[in-house]
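J.: here's my sequence, what's the structure:
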Amino acid sequence: MPDGFADLAQRQRLDERVAVITGAAQGMGSEHAWCLAARGAAVVLVDINDADGEQLATDLRERGAQASYVHGDVSEVDSWQQIRTASLEAFGAVHILVNNAGLLSHRRIRNTRREGWERLLAVNLKGPAIGMQLLAPDIRDAGGGAIINVSSAAGLDHHPDPAYTASKWGLRGLTKTAAQELGPWGIRVNSVHPGYIDTPMNDFASDELRAAKTALLPVGRAGQAWEVGELVAFLASDAAAFITGAEIAVDGGWTSGVQATEARRVPAGSVSGD
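T.: Numbers count the residues shown, from 1 in each chain. Below is the predicted model of the structure:
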């Protein structure tokens, strides 16, 4: 039993912990950074969008947070080595890894291109695998911590694009494997599965498609990036100390049953892009 409300609140604090966040420059990644920093974590922002990444680091520091930006392509081992070195040089340790970087595609099996398939899998699945392999020993040496893999509702159900769906199901499975292996090191590993979230990644959607998607959600609206960030911050904290290997949907009920079935009826022509 806690001694009081202060103890309950302290469990969700992340003071003196360092979080590495990939795909952090905008969208959900930036909200993960804000939510983690608000709880006291120092944050290492990783992205290929240098302008937005540097600006976010500046904004966080201006509000009293500890933050640094590192240019990094998560599909490359050498880039992950640089991310690791920069994180340790900046803050001396790593306690939390948020594998958020990802690509989205809108092709079908009949017109998927091999180069697009390989690039998407390299970022969405290979990247998190490399990151966990390289940073898990540092998290262990820091006394343990948490890894949060940002998958998708497509990793629980489906998405029209085969490469995207395969990558998100793969990340879901990789999370469970990592939870088993890294648990003895004091590292918890969980996957988060966002549904339709209002971020720049969904800017391609027409008003018709947006209306169709939200009509299928029990909550009747798109999610906000901070709602995913709050879950990420919780899973990173001691309040989630008994949670590992879990897959948690943040999807407004998208995968709850009939809604997911009905979603398949949204016309393919409503989706634009490659």
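J.: helices or strands up against the helix or strand containing I83?
T.: Per DSSP states H and E, I83 falls inside helix 77-91. Applying 3 or more CB pairs under 8 Å, 6 or more residues apart in numbering; DSSP states H and E, one finds that helix 77-91 makes contact with strand 18-22, strand 42-47, strand 67-71, helix 127-141. (C-beta placed from N, C-alpha, C; glycine too.)
J.: and of the ones you listed, who's closest to D207?
T.: When the helices and strands packed on helix 77-91 are ranked by distance to D207, counting by CB to CB, first place goes to strand 42-47 at 29.0 Å.
J.: how about that closest one as PDB, C-alpha atoms only?
T.: The C-alpha atoms that make up strand 42-47 are tabulated as PDB, following Å, rounded to 0.1, in the frame of the first residue of the first chain:
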ATOM      1  CA  ALA A  42      15.600  13.700 -20.400                       C
ATOM      2  CA  VAL A  43      14.700  13.000 -24.100                       C
ATOM      3  CA  VAL A  44      16.900  12.200 -27.100                       C
ATOM      4  CA  LEU A  45      14.900  13.100 -30.200                       C
ATOM      5  CA  VAL A  46      15.800  11.000 -33.300                       C
ATOM      6  CA  ASP A  47      14.600  11.800 -36.800                       C
END
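J.: in the stretch 101-250 of the chain, which spans are strands?
T.: Secondary structure of the stretch 101-250 of the chain by DSSP state E, counting those that start in this stretch: the strands cover 145-150, 187-194, 247-250.
J.: turn the ones you listed into a markdown table, columns for mean pLDDT, mean neighbour count and distance to I48.
T.: As requested, those are exported to a markdown table (pLDDT from 0 to 100; neighbours: other CB atoms under 10 Å; distance: least, CB to CB, whole Å):
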| stretch | mean pLDDT | mean neighbour count | distance to I48 |
| --- | --- | --- | --- |
| strand 145-150 | 99 | 27 | 17 |
| strand 187-194 | 98 | 26 | 21 |
| strand 247-250 | 95 | 20 | 25 |
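J.: so which of the ones you listed gets nearest R39?
T.: Nearest to R39 among the strands of the stretch 101-250 of the chain is strand 145-150; the distance by CB to CB comes to 12.5 Å.
J.: tell me the angle that closest one makes with strand 187-194.
T.: Relative orientation of strand 145-150 with respect to strand 187-194: 20 degrees, computed using axes from the mean of the first three to the mean of the last three CA atoms, to 10 degrees.
J.: check which strands are paired with strand 145-150 and give the direction for each one.
T.: With DSSP bridges as the test, strand 145-150 is paired with strand 96-99 (parallel), strand 187-194 (parallel).
J.: quick one, what contacts the nearest residue to E227 once chain neighbours are set aside?
T.: Nearest in space to E227, with sequence neighbours left out and distances taken as CB to CB, 6 or more residues apart in numbering, is V250 at 6.2 Å. When the contact criterion is CB atoms under 8 Å, 6 or more residues apart in numbering, the partners of V250 are 192-195, 197, 223, 227-228, 231.
J.: ok, back up a step: L121: which of the helices and strands packed on helix 77-91 is closest?
T.: Each of those was scored for nearness to L121 using CB to CB, and the closest is helix 127-141 (9.4 Å).
J.: on that earlier part again, next, the angle strand 18-22 makes with the helix holding I83.
T.: On the basis of the same axes, to 10 degrees, helix 77-91 is oriented at 150 degrees to strand 18-22.
J.: what are the contacting residues of helix 77-91?
T.: The list of residues contacting helix 77-91 from outside it, by CB under 8 Å, 6+ apart, reads 18, 20, 42, 44, 46, 66, 68, 70, 72-74, 94, 127, 130-131, 134-135, 138.
J.: a markdown table for the strands paired with strand 145-150, including distance to R113?
T.: What follows is those, written out as a markdown table (distance: least, CB to CB, whole Å):
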| stretch | distance to R113 |
| --- | --- |
| strand 96-99 | 25 |
| strand 187-194 | 26 |
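J.: any idea how far the residue nearest to L174 when sequence neighbours are not counted is from T175?
T.: With sequence-adjacent residues excluded and distances taken as CB to CB, 6+ apart, L174 is closest to A129, at 6.1 Å. As judged by CB to CB, to the nearest Å, A129 and T175 stand 11 Å apart.
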